[in-house]
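Asker: show me the folded form of this:
(2 chains)
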Amino acid sequence: MPIRLRWHPLTIAVLIGSAACVAAGAGLPPALWLVMGAAAGFATSGST
Amino acid sequence: MLSSPVWRGSPAFAFYAGLLAGGAITTTVLVVVGSLVRAPIPPPVRWAVVGMALTAVLLRQFGVLSFTLPENRRLVPETVFRLGRRLGPLQFGLEMGTGARTYLPSGLPYVGAVAVLMTANLPLALCAGAGFGLGRALMTASSLRYDEGDGWVQEWRDHVRTLTVVTGAAFMVSLLAIMLWSGTP
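Answerer: Modelled structure (predicted):
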């Protein structure tokens, strides 16, 4: 039986936060803009 | 609607592709308009505008301020699926990805839009738009795999305050780092 990964909303939010810290530390503007957009997009998840 | 079995496989991937493209379209429009709007404004003032937008939205998120943000207060109609098994989800994703077609329950996209409008060049704006689509796709992908019902959405409702804080913090860290690494102010 295949293993089904279940991603809790808090897990994803923490991963996005971690990605923000890594991109900020590395000083990568494209990654920072990507993560900023992802945080904004994921924050709208309560709508559906 | 997103819990439906039709969202497995290629229709889901078409939907994700639509989300990314929709976000990129919106930020492309913003950067084109922004290149005209911000031309006479010095860079420190541009960032001050972004900072004011961020402050206002964060105060609103935590109930200190109360004001209405512009949003399209209606759902994407079911007729969007008339285009078929792949093109329907692609169009649905495209419309959701623009952020202008339906409800936006968070203020963060507005701050991101102001940041793109005031400071981004085209490649960085495309990154922001793709990121917005990716963020929305993460919700769909994870909720589809969570259970057969709406368990994921219920988890979101149960932890909405913590999620608001964590996503807001991730957004702020990114935005502050963008400002610092851009050398402004």
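
Asker: wait, residue B:26 sits on residue B:101?
Answerer: No - the pair residue B:26 and residue B:101 does not pass the contact test of Cβ atoms under 8 Å, sitting 10.0 Å apart. Where C-beta positions appear, they are placed from N, C-alpha and C, glycine not excepted.

Asker: those two: which has the busier surroundings?
Answerer: residue B:26 (23 against 18; other Cβ atoms under 10 Å in any protein chain shown).

Asker: list the contacts for the spatially most central residue of chain A?
Answerer: Centroid check for chain A by Cα atoms, centre = their mean gives residue A:16 as the closest residue, at 2.5 Å. Residue A:16 sits next to A:35, A:38-39, A:42, B:135, B:166-167, B:170 when contact means Cβ atoms under 8 Å, 6 or more residues apart in numbering or on different chains.

Asker: which SSE is it in?
Answerer: In this assignment (DSSP states H and E), residue A:16 forms part of helix A:9-26.

Asker: buried set for that helix?
Answerer: Using 16 or more other Cβ atoms under 10 Å in any protein chain shown as the test for burial, helix A:9-26 gives A:9, A:12-17, A:19-20, A:23-24.

Asker: report the angle between the following helix or strand past it and helix A:9-26.
Answerer: The helix or strand immediately downstream of helix A:9-26 is helix A:29-43, counting by DSSP H and E. Counting by axes from the mean of the first three to the mean of the last three Cα atoms, to 10 degrees, helix A:29-43 lies at 160 degrees to helix A:9-26.

Asker: CA atoms of helix A:29-43 as PDB?
Answerer: The C-alpha atoms that make up helix A:29-43 are tabulated as PDB, following Å, rounded to 0.1, in the frame of the first residue of the first chain:
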ATOM      1  CA  PRO A  29      16.400  38.400  -4.600                       C
ATOM      2  CA  PRO A  30      14.600  36.000  -7.100                       C
ATOM      3  CA  ALA A  31      14.100  33.500  -4.300                       C
ATOM      4  CA  LEU A  32      13.000  36.200  -1.900                       C
ATOM      5  CA  TRP A  33      10.300  37.400  -4.300                       C
ATOM      6  CA  LEU A  34       9.200  33.900  -5.000                       C
ATOM      7  CA  VAL A  35       8.900  33.100  -1.200                       C
ATOM      8  CA  MET A  36       7.100  36.400  -0.600                       C
ATOM      9  CA  GLY A  37       4.600  35.600  -3.300                       C
ATOM     10  CA  ALA A  38       4.200  32.000  -1.900                       C
ATOM     11  CA  ALA A  39       3.500  33.400   1.600                       C
ATOM     12  CA  ALA A  40       0.900  35.700   0.200                       C
ATOM     13  CA  GLY A  41      -0.700  33.000  -2.000                       C
ATOM     14  CA  PHE A  42      -0.800  30.500   0.800                       C
ATOM     15  CA  ALA A  43      -2.200  33.000   3.200                       C
END
